[in-house]
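J.: turn this into a structure:
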Amino acid sequence: MYKVKIFVTLKESVIDPAGAAAMKELKRSEFPEVENLRIGKYMEVTMAKTDKNAEEAVHDMCRSLLVNTEVEDYRFEIEEVVAE
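T.: Numbers count the residues shown, from 1 in each chain. All right, here's what the predicted structure looks like:
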């Protein structure tokens, strides 16, 4: 089995209104050291081992369904786990 951790963030060129609002509130809440904040998504996928290449499968999942590649970037980590 594989456990895949997928991290999705807006591309640098895309405005992040949720991040800007949260950053404004952090500064108002006495966290002036915060210079920038971008909000993203985190997903965990558990996959069975198959003959398919796990890395290619995750790329396919991300590009076809999980990530809007027009405005988002993604990266992932795959770790092998023992099935429970």
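J.: which residue ranges form the helices in this protein?
T.: Using DSSP state H, the helices of the chain run over 17-28, 54-61.
J.: so which of those is the most packed in?
T.: helix 54-61 (a mean of 15; mean count of other C-beta atoms under 10 Å). Heads up, the C-betas are built off the backbone N, CA and C, glycines and all.
J.: pull the distance from that one to the chain's centre.
T.: In terms of C-alpha atoms, centre = their mean, to the nearest Å, the centre of helix 54-61 is found 14 Å from the chain centre.
J.: contacts for that helix?
T.: For helix 54-61, the external contacting residues (C-beta atoms under 8 Å, 6 or more residues apart in numbering) are 2, 4, 6, 45, 47, 50, 76, 78.
J.: count of neighbours near the third one?
T.: The number of residues packed near Ile6 is 19, by other C-beta atoms under 10 Å.
J.: got it, and the second one?
T.: Applying other C-beta under 10 Å, we find 19 other residues in the vicinity of Val4.
J.: what's the closest non-adjacent residue to Glu80?
T.: Tyr2 (6.0 Å; C-beta to C-beta, 6 or more residues apart in numbering).
J.: hmm, Glu44 and that neighbour touching each other?
T.: No: with contacts defined as C-beta atoms under 8 Å, Tyr2 does not count as touching Glu44, sitting 10.7 Å away.
J.: show me where the protein dips below the pLDDT cut-off.
T.: Within the chain, the ranges that satisfy pLDDT under 70 run 83-84.
J.: for the residue of it positioned farthest from its centre, phi and psi?
T.: In terms of distance from the mean C-alpha position of the chain, Glu30 ranks first, at 27.9 Å (C-alpha atoms, centre = their mean). Main-chain dihedrals, Glu30, degrees, to the nearest 10: phi 70, psi 40.
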